[in-house]
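> take this sequence and fold it.
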Amino acid sequence: MIDFQYEGVMPDGKPCQGSIRAPNEETARLRLIGQGVTPVRIDDTARALSPDAPQGRGARLKRADILLFSREMAHLKQANMPLDKALAMLKETAETDRLKIFIAKVEESVRGGKSLYQSLLPFEADLGRQYLVLIRAGETSGSLHVVLKELTVQLEADDKLRNYVISSMTYPIILLVVAVLSVVLLLAFVVPQFREIFDSMGDKLPYSTRLVVNMSDAIRGHWMAILLGVTALLFLGSRWAATAGGRLRLDSLLLDVPLFGKVLRNLQFAVYFRTFGILLQRGVPMVDALRIAVDTLTNTALRKDIEPLVSLVKAGKRLSAGFVSPYLGKSSTPQLIRVAEETGQLDATLLGLADRYEDEGRRTMGRVLAAMEPLIIIVLGALVAFIIIAILGGVLSINDTI
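So this is what the prediction gives:
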């Protein structure tokens with residue numbers, strides 16, 4: 001079935017427009033005439049929105065699409081609008097074809113008698129298990145609009161955290177790239193200008209000057225080999241990191257990096273505890289909540305350390321007994337979880353822990369960036385100063401010889 005956009009004239013002469021579902025354009029025209037509408041234009045450009053259309057790689061949902069869908073659905077459901085009408089309205093106002101295709105498929109399933117959860121199941125790769133489980137919990141409890149609001153808040157918080165990390169790391173990375181390029185340009189283009197002068201000195205040149213000249217010769221004479229070597233090293237490193245053992249080893253090393261490892265641990269735990277708390281808050285069983293929450297951990301070393309909690313809880317043991325990860329350090333997290341289990345406030349405690357870990361991660365990242373930027377500048381200045389002093393040393397040695 002295809003959604004056709006049409007413009008026509010009503011029996012009283014008034015113009016009208018809308019959409020109609022039919023297997024082809026001729027059937028759509030006949031249906032309109034049967035409804036008393038004289039079609040003026042039938043546009044089959046909506047063929048791309050057909051639920052039968054394949055969803056290629058270009059149709060993968062982006063986080064912005066999911067956030068927009070969740071926010072608008074929350075508003076419409078809060079106004080008690082029926083689900084099928086809400087989806088139809090969202091499809092008309094969708095800004096991208098990618099989002100229209102998604103909503104059209106969901107609407108098709110809903111009109112076919114499926115729940116929103118069942119209609120969203122084919123998009124689990126885009127939405128994630130946590131999203132679908134919360135939708136199912138909202139439909140079961142009759143609080144779908146509340147769940148959609150919570151999902152919107154969580155998606156916005158995740159995007160805010162991600163954007164904060166990206167924007168915070170942008171300047172140091174640019175600074176590091178500029179530093180490396182500056183040193184390479186000095187060695188490749190500035191130092192060779194003095195090569196003829198230095199050649200006449202032979203071994204009488206200072207050691208620092210000979211070192212800089214040799215480095216310049218290596219870059220100019222073997223730049224292709226150096227470039228290929230770096231490319232091969234990066235390629236082999238990426239292939240190694242793609243293996244299970246390599247990824248685990250790399251993630252373990254990242255967690256052990258001073259300061260940066262602490263930032264990574266805190267931000268990972270923030271997402272984990274927030275997901276866990278929200279799932280429990282919506283009535284998801286603890287074992288299922290643990291399985292879904294652990295999927296939010298992108299660091300495999302951290303995930304391997306937390307995964308045994310599922311089997312621990314299934315065996316009937318206390319949750320707090322499993323939070324003995326060395327990555328938690330000397331924090332009070334296990335004690336807080338034990339108290340929350342006794343008082344029945346586990347979901348609220350987990351959400352509080354998420355906020356605490358996120359705040360700690362932000363503060364630590366601020367300290368890391370405050371130390372990283374001047375460190376890069378100092379190292380760059382020292383390298384440039386060393387090259388300049390080496391060149392001046394060679395020139396002065398020539399004058400002394402004369």
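
> how many neighbouring residues does Arg363 have?
12 (other Cβ atoms under 10 Å). Yep, even glycine has a C-beta here, placed from its N, CA and C like the rest.

> which stretch of helix or strand covers it?
Using DSSP states H and E, the element containing Arg363 is helix 346-401.

> how distant is that helix from the center of its chain?
Taking Cα atoms, centre = their mean, to the nearest Å, one finds the center of helix 346-401 at 25 Å from the center of the full chain.

> now that helix: mean pLDDT?
Over the span of helix 346-401, the pLDDT mean works out to 82.

> from the contact counts, what lies against that helix?
On a contact count with 3 or more Cβ pairs under 8 Å, 6 or more residues apart in numbering; DSSP states H and E, helix 346-401 meets helix 144-185, helix 195-199, helix 207-221, helix 260-281, helix 333-343.

> rerun that using 7 Å as the cut-off
helix 144-185, helix 207-221, helix 260-281, helix 333-343 (3 or more Cβ pairs under 7 Å, 6 or more residues apart in numbering; DSSP states H and E).

> tell me the domain ranges of the chain?
2-49, 60-156, 169-402 (automatic domain parsing).

> in the stretch 51-200 of the chain, where is pLDDT below threshold?
Counting by pLDDT under 70, the stretch 51-200 of the chain shows low-confidence ranges at 51-59, 199-200.

> picking up where we left off before, in JSON lines: the helices and strands packed on helix 346-401, plus distance to Ala64 and mean neighbour count.
As requested, the helices and strands packed on helix 346-401 are arranged in JSON lines below (distance: least, Cβ to Cβ, whole Å; neighbours: other Cβ atoms under 10 Å):
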{"stretch": "helix 144-185", "distance to Ala64": "8", "mean neighbour count": "15"}
{"stretch": "helix 207-221", "distance to Ala64": "43", "mean neighbour count": "16"}
{"stretch": "helix 260-281", "distance to Ala64": "19", "mean neighbour count": "22"}
{"stretch": "helix 333-343", "distance to Ala64": "33", "mean neighbour count": "16"}
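
> distance to Arg71 added to these, as a markdown table?
Converted to a markdown table, the helices and strands packed on helix 346-401 look like this (distance: least, Cβ to Cβ, whole Å):
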| stretch | distance to Arg71 |
| --- | --- |
| helix 144-185 | 5 |
| helix 207-221 | 53 |
| helix 260-281 | 17 |
| helix 333-343 | 31 |
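
> sorry, back to before: pick the most buried one from the domains of the chain.
Compared across the domains of the chain, domain 60-156 shows the largest average neighbour count, a mean of 18 (mean count of other Cβ atoms under 10 Å).

> let me see the contact set for Asp158.
Going by Cβ atoms under 7 Å, 6 or more residues apart in numbering, Asp158 touches Val271.

> kindly provide the distance from it to Arg274.
Asp158 sits 9 Å away from Arg274, taking Cβ to Cβ, to the nearest Å as the criterion.

> can I get the domains of the chain in a markdown table including distance to Asn163?
Output for those, formatted as a markdown table (distance: least, Cβ to Cβ, whole Å):
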| stretch | distance to Asn163 |
| --- | --- |
| domain 2-49 | 31 |
| domain 60-156 | 10 |
| domain 169-402 | 10 |
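
> give me the pLDDT for Arg210.
For Arg210, pLDDT reads 80.

> from Ser397, how far out is it?
Distance from Arg210 to Ser397, by Cβ to Cβ: 11 Å.

> skipping adjacent residues, who's closest to Phe198 in space?
Nearest non-adjacent residue to Phe198, counting by Cβ to Cβ, 6 or more residues apart in numbering: Gly394, 5.3 Å away.

> for that neighbour, give me its contacts.
Phe194, Phe198, Leu205, Pro206, Thr209.

> next one: Val287
Val287 touches Val310, Val313, Lys314, counting by Cβ under 7 Å, 6+ apart.

> I'd say the first one and Arg291 touch.
Which is Val310. Yes. The criterion here is Cβ atoms under 7 Å, and Val310 meets it with Arg291 at 5.8 Å.

> could I have stretch 280-292 exported to CSV, CA atoms only?
Once non-C-alpha atoms are left out, stretch 280-292 reads as follows in CSV (Å, rounded to 0.1, in the frame of the first residue of the first chain):
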residue,chain,number,x,y,z
LEU,A,280,13.2,0.1,37.8
GLN,A,281,11.1,3.2,38.2
ARG,A,282,8.9,2.1,35.4
GLY,A,283,8.4,-1.4,36.9
VAL,A,284,10.8,-3.4,34.7
PRO,A,285,12.0,-6.5,36.6
MET,A,286,15.5,-6.1,38.1
VAL,A,287,17.1,-8.9,36.0
ASP,A,288,15.8,-7.4,32.8
ALA,A,289,16.8,-4.0,33.9
LEU,A,290,20.3,-5.2,34.7
ARG,A,291,20.6,-6.8,31.3
ILE,A,292,19.5,-3.7,29.5
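
> tell me the mean pLDDT for that stretch?
Here the average pLDDT along stretch 280-292 is 83.

> circling back to that earlier point, just give me the closest of the contacts of Val287 to His222.
Of all the contacts of Val287, Val310 has the smallest distance to His222: 53.1 Å, by Cβ to Cβ.

> and that closest one, what's its pLDDT?
Reported pLDDT for Val310: 85.

> what helix or strand does it sit in?
helix 308-314.

> so which elements touch that helix?
So helix 308-314, by 3+ Cβ pairs under 7 Å, 6+ apart, packs with helix 286-294.

> give the next helix or strand downstream of the helix it packs on.
Next in line after helix 286-294, if elements are assigned by DSSP H and E, sits helix 300-306.

> what lies in contact with that following helix?
Arg247, Leu248, Asp251, Ser252, Leu255, Arg265, Gln268, Val294, Leu297, Ser325, Tyr327.

> now do stretch 121-131
Looking at stretch 121-131 with Cβ under 7 Å, 6+ apart, the contacting residues turn out to be Arg60, Leu61, Ile66, Phe102, Leu120, Leu132, Leu151, Thr275, Leu279, Ile292, Asp295.

> which of those sit farthest apart?
The most widely separated members of those are Arg60 and Leu279, with 24.8 Å between them, by Cβ to Cβ.

> residue nearest the centroid of the protein?
Arg162 (6.5 Å; Cα atoms, centre = their mean).

> what's the first-to-last distance across stretch 272-292?
9 Å (Cα to Cα, to the nearest Å).
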